[in-house]
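> Predicted coordinates and the sequence they were generated for:
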Protein chains: 2
Amino acid sequence: MESQNYCIAGRLRMLARVVTGLYNDAFTAEGVTFAQASLLMYIFPQPGVRQATLSKQLQIEKSAVSRDIQLMQRNGWITDNVRNGLFLTDEGTALAKRCHKIWKGLNQRVREELGTDAVDGLSLLSDKLLTKLPKE
Amino acid sequence: MESQNYCIAGRLRMLARVVTGLYNDAFTAEGVTFAQASLLMYIFPQPGVRQATLSKQLQIEKSAVSRDIQLMQRNGWITDNVRNGLFLTDEGTALAKRCHKIWKGLNQRVREELGTDAVDGLSLLSDKLLTKLPKE
DNA sequence: TCAATGAAGTTGTATATGCAACTATTATTC
DNA sequence: GAATAATAGTTGCATATACAACTTCATTGA
């Protein structure tokens, strides 16, 4: 092999940019970004979830979560009193469901196009990266 | 398998956040972010490279490249007359070399900790994602 | 030559993130 | 129960990105 010394971080960041664009396109019809749709879909099945929990689950810095939540609240998708756990409004709930439908189809399609091996490759990488390299 | 339906985009984005943090830490001593170090290391071997080329190589939107470059220019790492190709200043060149040294060690270490299989998994995923799913 | 095209860059606007420092809330210990 | 420690959330500040619209140049035809 030749280019077998590419940058792990650089490659992952590039792929993240590419798939983000791909997924974002699928959600523009709903007027949400993928990041927002993702949060909606994380909150939906765990009503009352704490920002700190989402921060760990998604590995997003707590201040970033705080701001994402504030934005979603301004959009009317999350109720007030954020410090006592997160709850979707009716509108937020409906949106989360529509996003999930979109996501399910898209993610399935992407998995098929990538193929089992590539997806398994991601799973393996993911496992190693999240368990072997956590901040000590 | 159970959790075999995770979100491809979500996972990639999470991994990108994690490795970004890891690589950023390694560059803080030099006062650069990984994103900046990466650009320096891309420009170094291709003096006079165009923003449009970097945009394609890194899959970063051209306006984002433009702003990254402006910032690096303000930092004194890139010469003026950006519209005629990018050139590192002496300071930028020296910094690029130091960054490359840091990167080489870190990336090697990360590769070893991840293991060949995980890295191959990333390579495969990368190949599929960049060839099979490009914006039509 | 000069108008039409197209590529490259820039700028307005917005989101997504991170780090540090600060505040607020809760839990622990004397 | 009050002081202290720990956890959660927020805010100031900065970078990284994206999309759309605009500007600059360079190319190409008639």
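Happy to help now that I have it. On a predicted model such as this, the values are computed, not experimentally measured, just so you know.

> can you count the residues close to A:Ala118?
A:Ala118 has 22 neighbours, counted by other C-beta atoms under 10 Å in any protein chain shown. Bear in mind the C-beta positions are built from the backbone N, C-alpha and C, glycine included.

> That one sits in which helix or strand?
Assigned by DSSP states H and E, A:Ala118 belongs to helix A:116-131.

> tell me what that helix is packed against?
Other elements packing on helix A:116-131 under the criterion 3 or more C-beta pairs under 8 Å, 6 or more residues apart in numbering or on different chains; DSSP states H and E are helix B:8-27, helix B:90-114, helix B:116-131.

> If you count neighbours, what's buried in the shortest one?
Of the residues in helix B:116-131, B:118-126, B:128-129 count as buried by neighbour count, 16 or more other C-beta atoms under 10 Å in any protein chain shown.

> What is the nearest of these to B:Arg11?
B:Arg11 lies nearest to B:Leu125 out of the buried residues of helix B:116-131, by C-beta to C-beta, at 10.4 Å.

> Could you confirm whether the helix or strand where A:Ile69 lies reaches DNA strand C?
Counting by DSSP H and E, the element that carries A:Ile69 is helix A:62-74. Yes: applying C-beta under 7 Å from any atom of the strand, one finds helix A:62-74 in contact with DNA strand C at A:63-64, A:67-68, A:71.

> Which strands or helices does that helix pack on?
Short answer (3+ C-beta pairs under 8 Å, 6+ apart): helix A:62-74 packs on helix A:34-43, helix A:51-58.

> To DNA strand C, which of those lies closest?
helix A:34-43 (3.3 Å; C-beta to the nearest atom of the strand).

> Closest to the centroid, which residue in chain A?
A:Ser38 (4.1 Å; C-alpha atoms, centre = their mean).

> pLDDT score for that one?
Looking at A:Ser38, its pLDDT stands at 98.

> how far away is it from B:Arg98?
Distance, A:Ser38 to B:Arg98, by C-beta to C-beta, to the nearest Å: 37 Å.

> ditto for A:Val82
Noted for A:Val82: a distance of 43 Å to B:Arg98, by C-beta to C-beta.

> And A:Ser123, by the same measure?
A:Ser123 is 36 Å from B:Arg98, where distance means C-beta to C-beta.

> just A:Gln59 next, same as before
The gap separating A:Gln59 from B:Arg98 is 29 Å, by C-beta to C-beta.

> coming back round to it: which pair in the residues of helix A:62-74 next to DNA strand C spans the largest distance?
A:Ser63 and A:Leu71 (13.0 Å).

> Of all the residues in chain A, which one is nearest DNA strand D?
Distances between chain A and DNA strand D by C-beta to the nearest atom of the strand are smallest at A:Ser63, namely 2.9 Å.

> So what's the residue count around that residue?
Neighbour tally, A:Ser63, other C-beta under 10 Å: 10.

> how far away is it from A:Gln51?
Counting by C-beta to C-beta, the gap from A:Ser63 to A:Gln51 is 10 Å.

> Same question for A:Ala29.
A:Ala29 is 28 Å from A:Gln51, by C-beta to C-beta.

> more crowded one of the two?
Ranked by neighbour count (other C-beta under 10 Å), A:Ala29 and A:Gln51 place A:Gln51 first, with 19 against 9.
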